[in-house]
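model this:
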Amino acid sequence: MEGKKFDLEQYRRDMEALIGASPSVGLFYKALDFAAAAHEGQLRRSGDPYIMHPCATARILAEELEIRNAEILAAGLLHDTIEDVEEIVPAVIREKFGTTVEAIVVGCTKVKHHSGDKQALKKLVHRQLFTGAATRPEVMIVKIADRLHNLRTLDSMPRHKRQRIADETLDFYAPLATLLGLFGVKRELYNRALVNKFPKQGHKLQQQINRLKGNPALSNLTVKIEQSLNEAAVAAKVVVRTKGLWGYYDIKNRILRTEIEIPQEILITTANRISCYQILGILNEIFPPVPRTIRDFIANPKPTGYQGLHAKAIIDGGKYLFKIRTDEMAHSAQCGLVKDWNQANRKMDRFLKELQEMFDILGNDDAVSYRDMIAASGRKEIYTYTPDGDLICLPVHSAVLDFAFHIHTEIGHSCVGAMIGNQRVEPGDMLQDGSVVKILRQDTPVDFDLEMQTQCQTPRARSELAKAFRERIKHVAVSTGRAVLEQEMRRYGLPFDLIEHPGMENILLYFNITSRDELLQRVGQGRIQMRELIYEIRSGLLQSRDMLLQQPTGILNRIVLNTVDPVVVKSSACCRPTPLDRGLIGLLSTRGISLHCKDCFQLKKMKFQREDAVEVRWRLGATPVLKLQQFIVTDITAKYLFSRLAEGPEELHVMRVDRIEGDSSASFCAWEVHFTVANLLGLKKIIRHLDRSFLTYQFEFKH
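Residues are numbered from 1 along each chain as shown. Okay, here's the model as predicted:
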């Protein structure tokens, strides 16, 4: 297939018209010559010279996002060089263009070699991209521009590839553009992706959208608004915007809807802020607003810097959204804060820091869904306040803990709840628009549950929780690794104090480990080959001539815990073990210890090394039980139940007893008993008492 010719010199002239040709942007033109030489002879599937793509990416950055930073523009030109040109490695980019350009280009470079399936590769590519963006957020800007041009030139791709690219755009790039405040780019990404994702439905819906655009009533509406503004001597431009396919896409359910609440918006632009408020007053007289729908994003800008006045009104049975902005606000709304990327800007600094926090957690925590987090971060905002009246802008559905972490990291980690008016609420409770929130704290950090991470909506809260979870896992992993390594060394007749030997530094270096604690952590997470480690210790520190290591058989290594923290200790769903069961097997991993009963059928199917599994026991008296427990007793009278509870061990502290089956006249009913207990030893006594009382009961340990 013969493609278009590319006039490099004309492109150079076009870019000079956009960004100039001063020494400050000289790096861009140097990168242009380098990229042209690197991609010489390469063609795209369409038959076009490959250099057209990176050049178009850089032009989108400069022309549509108004970026003037030469390093970002140079990275746009070079973003495919490491991936597509064998002789170009990161060191070459660093030497010629500096560390910033290198970091952006490396962050944009896809994983080349991967032995897993396509889904695993996709996740790995995205995690690597997030890791790069955590260091240099510009990576995401370049990748969004890259994706936009790919969508504009998608026709040459086979249908299955167009579908795959559309799916990735809808799940990943378009929501990211929303998060960054790139609303013009966002709309185009969604529209182009949806056309390829839903070709038949999208075509039919587009015809419906076109009919809306041609509605003659719209002209009458704009004329009426313009006349009212002229009568008030307020100069403004009135435009009706009909939402494209992007407005009909249900992100949560991943479907195209045939109808939406507000299919058309009325955009009004004027010269200054005062005029914006005058126009809002005039509109309120003509079209009374829907109660509680006026939003002032001028006085309270969105985190991306977006400003404007919003109001909803019902006109002739249809609901419309008015957006009132100055010309500058309207212009800035298309670029978010990225057009000022290289300028000192406090709002930009905070915005970038929060983005980096989000990218860091998405790049390092496999348990977090990047799709859910990006969607949560890009949702509409609510406005909340401190008791002193300071405004805190948060995504809708944010929890108390989001508010606490937004104020300060330490406040978040020590938050035990909040006061909203006279009401006490929990850290995970959802905040409402306009809430005045007073955070309640304790002196020590709180060990939050795993579920709290999904209840929080802000990157900062989720990031800080993820770090705290990793620290809790690390603490137990180090003690587990110490116990496992000590037992393994004992099997081979090696004294455990060898790990303090000065020669151990060489062994750590061999395994690319920086400290003894990291070594124990890896052992406790099953991330190191035990036979290889024992071999290196034995040969390196004892110079033993008996180098052949026989695989030990028989009993597993044993660990004794004093925590039931669900972040660290996870009961498998297949056999649902509890710490009171005997013969528990723990599988070691980076996510903690996964518990199975010894005779679990799923455990028997798994393939794992002996040293990657341990026998798990608990110091019952030293292991606190923090959560409220409950058991259900069936076919029993109230009199007999309460007599059994009264005779129970002193460790049983009954909080509430609820009848769950049977009416008040029935003799035999089912009851739910809620109780607290200090530790596992007390819980064991309670369970033993229930067994001896010959009660029919159900108990599921909550940890």
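
ok, and for the helix or strand hosting L124, which residues are buried?
Using DSSP states H and E, L124 falls within helix 118-135. Under the neighbour-count criterion of 16 or more other C-beta atoms under 10 Å, helix 118-135 has K122, H126, R127, Q128, L129, F130, T131, G132, A133, A134, T135 buried. Glycine gets a C-beta too; all of them are placed from N, C-alpha and C.

likewise stretch 640-660?
L641, R644, L645, G648, E651, L652.

tell me the mean pLDDT for it?
Averaged across stretch 640-660, pLDDT comes to 93.

Residues touching it, excluding its own?
With contacts defined as C-beta atoms under 8 Å, 6 or more residues apart in numbering, stretch 640-660 is touched by 628, 632-633, 669-678, 681-683, 685-686, 689-690, 693, 695.

Of these, which count as buried by neighbour count?
Buried members of the contacts of stretch 640-660, counted by 16+ other C-beta under 10 Å: 632-633, 669-671, 673, 675, 677, 681-683, 685-686, 689-690, 693, 695.

coming back round to it: elements contacting the helix holding L124?
With contacts defined as 3 or more C-beta pairs under 8 Å, 6 or more residues apart in numbering; DSSP states H and E, the packing partners of helix 118-135 are helix 99-108, helix 138-152, helix 346-364.

can you redo these as TSV with mean pLDDT, distance to R522 and mean neighbour count?
TSV is the format used below for those (pLDDT from 0 to 100; distance: least, C-beta to C-beta, whole Å; neighbours: other C-beta atoms under 10 Å):
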stretch	mean pLDDT	distance to R522	mean neighbour count
helix 99-108	92	26	23
helix 138-152	94	29	23
helix 346-364	74	16	18
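
could the ones you listed go into CSV alongside distance to V567?
CSV is the format used below for these (distance: least, C-beta to C-beta, whole Å):
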stretch, distance to V567
helix 99-108, 30
helix 138-152, 30
helix 346-364, 15
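
re earlier: considering the buried residues of helix 118-135, which is situated nearest to I439?
Ranked by distance to I439 (C-beta to C-beta), the buried residues of helix 118-135 are led by A134 at 27.6 Å.

Show the contacting residues for the closest one.
Counted by C-beta under 8 Å, 6+ apart, A134 has contacts Q356, F359, D360, G363.

can you tell me how far it sits from E357?
Relative to E357, A134 is positioned 8 Å away (C-beta to C-beta, to the nearest Å).

And M329, by the same measure?
Taken as C-beta to C-beta, the span from M329 to E357 is 27 Å.

Next: P427.
19 Å.

in which helix or strand would I find H310?
Using DSSP H and E, H310 falls in strand 309-315.

Can you spell out which helices and strands pack onto that strand?
In terms of contacts (3+ C-beta pairs under 8 Å, 6+ apart), strand 309-315 is packed against helix 273-286, strand 295-296, strand 318-326.

just how off-centre is the longest one within its chain?
So the one you mean is helix 273-286. How far helix 273-286 lies from its chain's middle: 39 Å, per C-alpha atoms, centre = their mean, to the nearest Å.

could you give the mean pLDDT of that helix?
Mean per-residue pLDDT for helix 273-286: 95.

buried set for that helix?
Buried residues in helix 273-286, counted by 16+ other C-beta under 10 Å: R273, S275, C276, Y277, Q278, I279, L280, I282, L283.

and what of stretch 60-75?
Neighbour counts over stretch 60-75 (16+ other C-beta under 10 Å) mark 60-62, 64-75 as buried.

still on that earlier bit, I'd like the helices and strands packed on strand 309-315 as a markdown table, with distance to P158 appended.
Shown next, in a markdown table, are the helices and strands packed on strand 309-315 (distance: least, C-beta to C-beta, whole Å):
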| stretch | distance to P158 |
| --- | --- |
| helix 273-286 | 49 |
| strand 295-296 | 45 |
| strand 318-326 | 39 |
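
out of these, nearest to E40?
strand 318-326 (46.0 Å).

chain center to the closest one: distance?
Worked out by C-alpha atoms, centre = their mean, strand 318-326 lies 31 Å from the chain centre.

same check, this time on stretch 630-649
46 Å.

Just the endpoints, please. Distance across it?
16 Å (C-alpha to C-alpha, to the nearest Å).

To what extent is the residue lying closest to L151 once chain neighbours are set aside buried, counted in neighbours?
Counting by C-beta to C-beta, 6 or more residues apart in numbering, L151 lies nearest to R192, which is 4.2 Å off, once chain neighbours are set aside. As a burial measure, R192 scores 23 neighbours (other C-beta atoms under 10 Å).

Could you list which residues are in contact with R192?
Contacts for R192 were tallied using C-beta under 8 Å, 6+ apart; they are L151, R152, L154, A166, T169.
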